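Student: 3D model of this:
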Amino acid sequence: MNIWILNHYAVPQRYYYLARSYHFAKRLLEMGHSVTVFAASSVHNSDINLITGSEKYREMEEDGIRYVLFRARQYQGNGKARVINHIECAWEMARQCPTFTDKYGRPDIIYASAGQSLTLVAGIKLAKKLGISCVSEVTDLWPESFVAYGLISEKNPLLKMLYAGERWIYSHSDAVIFSMEGGRDYIIEKGWDKAHGGPVDLSKVYHINNGVDLAAFDYNKEHYVLDDADLDDAEAFKLVYTGSLRMVNDLSAVIRAAELLKREEGLRLRVLIYGDGDRREELCAEAAKRGLDNVLFKGRVDKSFIPNILSRADACIMDGGAATGIEKYGMSQNKLFDYLASGKPIISPVDSAYDIIKESGSGICVQNSPEKVADAIRRLRKDPELCERLGLKARETSLEFDFTRLTDKLFKIFEQLQGNCND
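Tutor: Residues are numbered from 1 along each chain as shown. Below you'll find the predicted structure:
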């Protein structure tokens, strides 16, 4: 099968660590299919642009995966430049992708993946032009998350237009995949499904979680070893967080839990935070204000080191997240699947529906409060057998989310659509 993947952020993995499309592309190639990835030239959360000249696009190949990158301006943050960046890339995708059929052959299917809507619109338009099926994958609920985090007022007239566009995507896609398990719930609550008079057929709505490449994880654990004395402290209970430090990543309860536990004798705790973001300085200042020498901010590290870091932890901690309402549709944070693969117990102060940690018994789920987080840390510190039992369950659970299995689920959807086209 000839598969075209459209994903605004899907530059080669060495430039950007969120690599869902990369893992799917890699596995599909191993299965013998032809894959081309179309993305923007700008690298998210960086000052890197893979097109520095005046060319409209750039073709490149890495790890056997063929990429076509469309020129898109650089941006920082979530301002006007980022909006224009998305518009530019989606426009070029819809306009220029058809010209690549002569070189790469006519695709059998378009797989458009995005947290924002414009890439999905481009995928649907392209598929219609080529007379093929389009699978739209939703990895973030835009504009719902904008409303949830207070980035746009519910009274803003633009919001009605954005929701209308979102509904159009779901109704015009041949299949819709949500990375969060409650995607169907979301459509039903909006009244967009056919049972409520809407245009969306729920039989074409699927769920494929985020995941982990277990073979790569295990390889990196042994071959990318981070030199960090705090990870080698055998006397300390090492609680590790790996991920972004932004508005949506609430670590305040973890920091205050560390303050509570610092006063307790016999509980030598180290909270090791690996990551960066616009809230790092604020969190560092809070820890310093409270005189916490047991909370250490390590900064950003290359993702290749994450498996080794986690393997040397005693437990992992999820960020609390902000209570916004969208957690009722389920969460699918990338860090969760690294935590599961590490075989370490997980403390989760996230009140979420479709909770993988709770359902699998891979950790301790608590309220997002300093006292409850501190209680969970105490339990694990005092009960090595509990740590081992939860950790074994975590690793066992990670097998379900290996990208080998997830790609098989994705390809079954492709096959079903191809079968429908041939009927």
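
Student: going by C-alpha atoms from here, please, whenever you check contacts or count neighbours.
Tutor: OK.

Student: so how far is stretch 68-79 from its chain's centroid?
Tutor: The chain centroid and the centroid of stretch 68-79 are separated by 19 Å under CA atoms, centre = their mean, to the nearest Å.

Student: just the CA trace of that stretch, in PDB.
Tutor: The C-alpha coordinates for stretch 68-79 follow below in PDB (Å, rounded to 0.1, in the frame of the first residue of the first chain):
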ATOM      1  CA  VAL A  68       8.800  16.300   2.000                       C
ATOM      2  CA  LEU A  69       9.000  19.500   4.100                       C
ATOM      3  CA  PHE A  70       7.100  22.600   3.100                       C
ATOM      4  CA  ARG A  71       8.600  26.000   3.800                       C
ATOM      5  CA  ALA A  72       6.900  27.600   6.800                       C
ATOM      6  CA  ARG A  73       8.000  30.600   8.800                       C
ATOM      7  CA  GLN A  74       9.600  30.300  12.200                       C
ATOM      8  CA  TYR A  75       7.700  31.200  15.300                       C
ATOM      9  CA  GLN A  76       8.000  31.200  19.100                       C
ATOM     10  CA  GLY A  77       5.100  30.600  21.500                       C
ATOM     11  CA  ASN A  78       1.400  30.700  20.500                       C
ATOM     12  CA  GLY A  79       1.100  34.100  18.800                       C
END
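
Student: can you list the buried residues in that stretch?
Tutor: Buried positions in stretch 68-79, judged by neighbour count with 16 or more other CA atoms under 10 Å: 68, 69, 70, 71, 72, 73, 74, 75.

Student: any idea how far the fourth one lies from residue 33?
Tutor: In this structure, residue 71 lies at 27 Å from residue 33, with CA to CA, to the nearest Å as the measure.

Student: and what of the fifth one?
Tutor: According to CA to CA, residue 72 stands 29 Å off from residue 33.

Student: same check, this time on residue 54
Tutor: Distance from residue 54 to residue 33, counting by CA to CA: 33 Å.

Student: so between these two, which is more surrounded?
Tutor: Comparing residue 54 with residue 33 by other CA atoms under 10 Å, the one with more neighbours is residue 33, at 13 against 7.

Student: now that one: closest residue in space that isn't a chain neighbour?
Tutor: Computed as CA to CA, 6 or more residues apart in numbering, the closest residue to residue 33 that is not its neighbour in sequence is residue 1, at 5.2 Å.

Student: per-residue pLDDT, the one you found?
Tutor: In this model, residue 1 is scored at 96, pLDDT.

Student: list the contacts of residue 193.
Tutor: 187, 199, 200, 201, 202 (CA atoms under 8 Å, 6 or more residues apart in numbering).
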